[in-house]
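*Asks:* Below is the structure, and that's it, no one-letter string:
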């Protein structure tokens with residue numbers, strides 16, 4: 001096996017194109033990223049793909065400049081092979097293939113969801129956690145069992161981040177809406193420290209370790225239509241959906257006997273969710289971990305980190321195997337690293 005130098009990671013699953021690096025020891029370096037901001041509505045896959053294509057040379061050059069590297073210093077190319085939006089994934093894969101060919105560097109297609117886990121493990125120092133993966137397109141509770149990351153529970157309809165963005169968009173809040181909802185909820189609670197859920201109740205859709213969010217979205221919008229203050233509804237919405245996520249995470253900890261909870265995905269940036277997970281973990285004599293926010297959101301560094309782990313364990317992706325898989329499941333990736 002050739003010596004591993006710098007590994008470049010390419011993330012392009014959805015609204016963000018990101019390039020990141022890890023060095024020969026797997027130490028991560030900050031990504032250079034750019035996110036498409038739709039003028040109206042949600043993410044349009046082809047618009048996002050065009051954005052990725054346009055900004056790729058600028059971002060890549062900036063990454064090399066910031067780290068005082070040249071293309072010849074890259075010895076491995078990792079990219080998100082799935083899951084994600086097809087047109088966006090194809091741009092990332094095309095960039096990866098081109099660079100792999102030009103630099104004569106091995107290609108490693110990796111699982112986006114697993115990359116969130118591995119960068120979290122590296123950043124937080126946890127060993128064998130249950131992952132609460134909360135993002136725009138995914139909401140899953142995951143644990144390592146029998147050589148794979150198994151999905152113990154997941155959303156039955158839309159991802160929690162998608163739900164929050166849809167609610168925000170209906171109120172005229174631009175993408176991404178989650179941070180604004182968090183801010184408005186915090187402001188409401190500060191102004192109403194004795195706030196009650198009376199009149200602000202929402203559905204609580206937990207089925208075993210599965211969740212559902214479309215019903216709570218409809219109900220939250222109904223509260224707005226009935227004249228409830230936006231801040232109050234944002235507060236209630238967060239409390240209900242985060243409580244559901246924490247409940248299934250606690251159930252997963254109990255089911256697996258594990259004592260570490262790791263948060264991942266863009267919604268894991270939310271301070272209220274982090275706090276609720278810490279409270280639950282402390283009550284169970286367990287620990288809750290959340291990586292720095294730059295590694296919760298989609299980023300190229302997490303792709304580089306997983307690519308480094310897989311290449312170090314002897315896995316490469318041939319050109320014939322390099323097609324994207326927008327429906328790639330978390331448990332389809334064998335864990336061949338320690």
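*Replies:* Arrived safely, thanks for sending. It should be emphasised that the depicted structure is a prediction, and the values quoted were computed from it without experimental measurement.

*Asks:* Show the contacting residues for the closest residue in space to residue 181 that isn't next to it in sequence.
*Replies:* Spatial nearest neighbour of residue 181, excluding adjacent residues (C-beta to C-beta, 6 or more residues apart in numbering): residue 234 at 4.6 Å. Bear in mind the C-beta positions are built from the backbone N, C-alpha and C, glycine included. Residues near residue 234 by C-beta atoms under 8 Å, 6 or more residues apart in numbering: 181, 182, 184, 185, 188.

*Asks:* now do residue 188
*Replies:* By C-beta under 8 Å, 6+ apart, the neighbours of residue 188 are 195, 229, 231, 232, 234, 235.

*Asks:* at 7 Å what do you get?
*Replies:* Residue 188 makes contact with 195, 231, 232, 234, 235, according to C-beta atoms under 7 Å, 6 or more residues apart in numbering.

*Asks:* separation between the spatially closest residue to the second one that is not a sequence neighbour and residue 233?
*Replies:* Okay, so that is residue 231. Spatially, and ignoring its direct neighbours in sequence, residue 231 is nearest to residue 188 (3.2 Å; C-beta to C-beta, 6+ apart). Using C-beta to C-beta, to the nearest Å, one gets 9 Å for the distance from residue 188 to residue 233.

*Asks:* Next: residue 162.
*Replies:* From residue 162 to residue 233 the distance is 18 Å (C-beta to C-beta).

*Asks:* quick one, which of the two is more surrounded?
*Replies:* residue 233 (25 against 22; other C-beta atoms under 10 Å).

*Asks:* from what I can see that one touches residue 223, true?
*Replies:* Yes. Residue 233 is in contact with residue 223 according to C-beta atoms under 7 Å; the separation is 4.9 Å.

*Asks:* Between those two, which contacts overlap?
*Replies:* Counting by C-beta under 7 Å, 6+ apart, the residues touching both residue 233 and residue 223 are residue 200.

*Asks:* and after the host helix or strand of residue 117, which helix or strand comes next?
*Replies:* If you go by DSSP states H and E, residue 117 is part of helix 112-124. Next helix or strand after helix 112-124 toward the C-terminus (DSSP H and E): strand 130-134.

*Asks:* Not including adjacent chain positions, what is the nearest residue to the spatially most central residue of the chain?
*Replies:* By C-alpha atoms, centre = their mean, the chain has its centre lying nearest to residue 265, at 2.7 Å. Leaving aside its sequence neighbours, residue 265 sits nearest to residue 135 (C-beta to C-beta, 6+ apart; 3.2 Å).

*Asks:* Next one: that neighbour from residue 226, what distance?
*Replies:* Taking C-beta to C-beta, one finds residue 135 at 30 Å from residue 226.

*Asks:* These two: who's more crowded?
*Replies:* Taking neighbours as other C-beta under 10 Å, residue 135 and residue 226 compare with residue 135 leading, 24 against 9.

*Asks:* where exactly do the strands run in this protein?
*Replies:* All strands of the chain, identified by DSSP state E, fall at 6-11, 16-22, 28-35, 74-82, 107-111, 130-134, 139-145, 148-154, 206-207, 210-211, 260-264, 287-289.
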